[in-house]
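Colleague: The sequence and its predicted three-dimensional model are supplied below.
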Amino acid sequence: MAKGAKRLKSDLRVVSEKLTYAKFNIQYKENKISTLINATIINSLKNVKTDINKISYVSYILELAEQVSKEHFNEKVYDLVIQAILKINNGYDGLVIMNILELKYLDFLGVMPVIDSCAICGSKVNILTLSASAGGFLCKNCYHNDKIVSEKALKLIRAYYYVDIESLEKINVSDKIKNEINDFLDDYYDRYTGLYLKSKEFIRTLKNL
Ligand SMILES: [Zn+2]
């Protein structure tokens, strides 16, 4: 509870706005509502708050981080979401950042796709496509009728997994390739995580506008 936070002159007004990254000093009361004493803003995320696209990506990844934490509590889940939000605030592609985070979170959810060999037979060669139903990479021998993604998408998804979000440089990739990875992750989340997040629907709507 932030007492008097709605008053114009209150010191708590700005810091208790939605989507503010700050260090909060609270008086913790067990089994009761805790009180916000004061807060120091680390980043007001001004660029996020003024852009509907950024708001939608940040809202979704926050909801996702909360769900992942419930399944598997780990401080890294929090660190990763903060790094991702700061990147989006700094103008990095929201779709790319969201997909990087989604892929890294699959590890915490215990359902990491196989992206170093064929998910069916384990072959390291002749990888043809990405398949959510197969569980990751799919080789020529195991392929039936899945959608074929570009070779660049196969390389990029591995880069997404290994990249350190904090030290990420601008990624120059076509929308087609980004969307191939996003479609795979979308399908994969639906099949294996059991998570349903309302804010994801909003991103789908925005993307289709
Ligand atoms: Zn195979």
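Modeller: Yes, it's here.
Colleague: for the lengthiest helix in the chain, packing partners?
Modeller: Taking DSSP state H as the criterion, the chain has its longest helix at helix 52-71. Using 3 or more Cβ pairs under 8 Å, 6 or more residues apart in numbering; DSSP states H and E as the contact test, the elements touching helix 52-71 are helix 46-49, helix 75-89, helix 94-108, helix 198-207. Yep, even glycine has a C-beta here, placed from its N, CA and C like the rest.
Colleague: Mind listing the strands the strand of greatest length in the chain pairs with, and their directions?
Modeller: Longest strand of the chain, by residue count under DSSP state E: strand 35-43. Strand 35-43 sits in its sheet next to strand 21-27 (antiparallel), going by DSSP bridges.
Colleague: What mean pLDDT does the partner strand get?
Modeller: The average of the pLDDT scores along strand 21-27 is 95.
Colleague: just stretch 119-139 next, same as before
Modeller: Per-residue pLDDT values across stretch 119-139 average out to 97.
Colleague: on that earlier part again, which of the helices and strands packed on helix 52-71 comes out lowest on mean pLDDT?
Modeller: Looking at the helices and strands packed on helix 52-71, the bottom one is helix 198-207 with a mean of 83.
Colleague: So which bits of the protein are right by the ion?
Modeller: The chain comes close to the ion at residues 118, 120, 121, 123, 139, 142, as judged by Cβ under 5 Å from the ion.
Colleague: if we go to 6 Å?
Modeller: Residues of the chain lying close to the ion by Cβ under 6 Å from the ion are 118, 120, 121, 123, 139, 141, 142.
Colleague: Give me the buried subset of these.
Modeller: Buried subset of the residues of the chain next to the ion (neighbour count, 16 or more other Cβ atoms under 10 Å): 118, 120, 139, 142.
Colleague: Which of those residues fall in strands?
Modeller: Per DSSP E, those map to strands at residue 139.
Colleague: Return the closest of the buried ones among the residues of the chain next to the ion with respect to residue 133.
Modeller: Residue 133 has its nearest neighbour among those in residue 120, at 10.3 Å by Cβ to Cβ.
Colleague: Who are the contact partners of the residue lying closest to the closest one once chain neighbours are set aside?
Modeller: Leaving out its chain neighbours, the residue that sits closest to residue 120 by Cβ to Cβ, 6 or more residues apart in numbering is residue 142, at 4.0 Å. Counting by Cβ atoms under 8 Å, 6 or more residues apart in numbering, residue 142 touches 118, 120, 121, 123, 134.
Colleague: Would you mind checking the average pLDDT for the helix or strand harbouring residue 186?
Modeller: Element membership for residue 186 (DSSP states H and E) is helix 175-192. What helix 175-192 shows for mean pLDDT is 95.
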